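Participant: what shape does this take:
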Amino acid sequence: VGRRMLDYEIVRVQNALVGSSGALAGRGAGLPDGVSAVERFGAEFDALGERCAADVAATALRSAAFLNWRYVERPERSYRALAAGAPGSPEGLAVWRRAELGGTELAFLVEWLVPSGADDAAAALLSAVAAEVRAAGLDALVLWCPEWSPWCADFQERGFRVTPTDYLTTARSWARRFDLVWLRDHW
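Facilitator: Residues are numbered from 1 along each chain as shown. A predicted model of the protein is given here:
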């Protein structure tokens, strides 16, 4: 429908990164030091979104207003948001939720806002998410990440494996300088 009615084109076939919560989780109880649950997003997440946007050529807007709309104010899904860093000064954000895919219940990491170089924040967040996923009785932790992203290699080094999917990332660009080949490599 998107291709026929809206002139969408395929940007990429989307691979999944799949990890085992047991292998990824830290062994402590509760959240690791420096990681806290987020109930609502404040202006400090605007700054985090801007820092993460500086790492890539093109990205979707990630602001407190968007994050609140997407993860706090949407009634049909339940999300768990975790932030690393001092209160009021997040160094990273991870949001996950339970989901069913192909008849299997698993956990999806649906938001990963961690600036490049924030390795301690990334390790703490991933460990915390994996521990929560394991405590929820789920083994598989899944995320979608473009191959060119530095996080793609980082997640693989931490134990995630690339798994092909039938899902497609599609788009339509109205700007010649952002053609589909450019979007594939930068968005």
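
Participant: for Asp120, helix, strand, or coil?
Facilitator: When states are read from DSSP: H, G, I helix; E, B strand; the rest coil, the local structure at Asp120 comes out as helix.

Participant: please apply the same query to the one 5 residues further on.
Facilitator: Classification of Leu125 into helix, strand or coil gives helix, according to three-state DSSP.

Participant: where does this protein dip in pLDDT?
Facilitator: Low-confidence regions of the chain, defined by pLDDT under 70, span residues 26-30, 75.

Participant: residue boundaries of the helices in it?
Facilitator: For the chain, helices defined by DSSP state H occupy the ranges 2-6, 21-24, 44-53, 64-67, 119-135, 150-157, 180-186.

Participant: most tightly surrounded among the ones you listed?
Facilitator: For those, the stretch with the most neighbours on average is helix 119-135, a mean of 21; neighbours defined as mean count of other C-beta atoms under 10 Å. In short, each C-beta sits where N, CA and C put it, glycine included.

Participant: mind checking how far it is from the chain centre?
Facilitator: Relative to the chain's own centre, helix 119-135 is displaced by 13 Å; criterion: C-alpha atoms, centre = their mean, to the nearest Å.

Participant: what's in contact with it?
Facilitator: The contact list for helix 119-135, computed with C-beta atoms under 8 Å, 6 or more residues apart in numbering, reads 19, 21-26, 28, 31-35, 80, 82-85, 91-94, 96, 107, 109, 114, 139, 141, 151, 154-155, 158.
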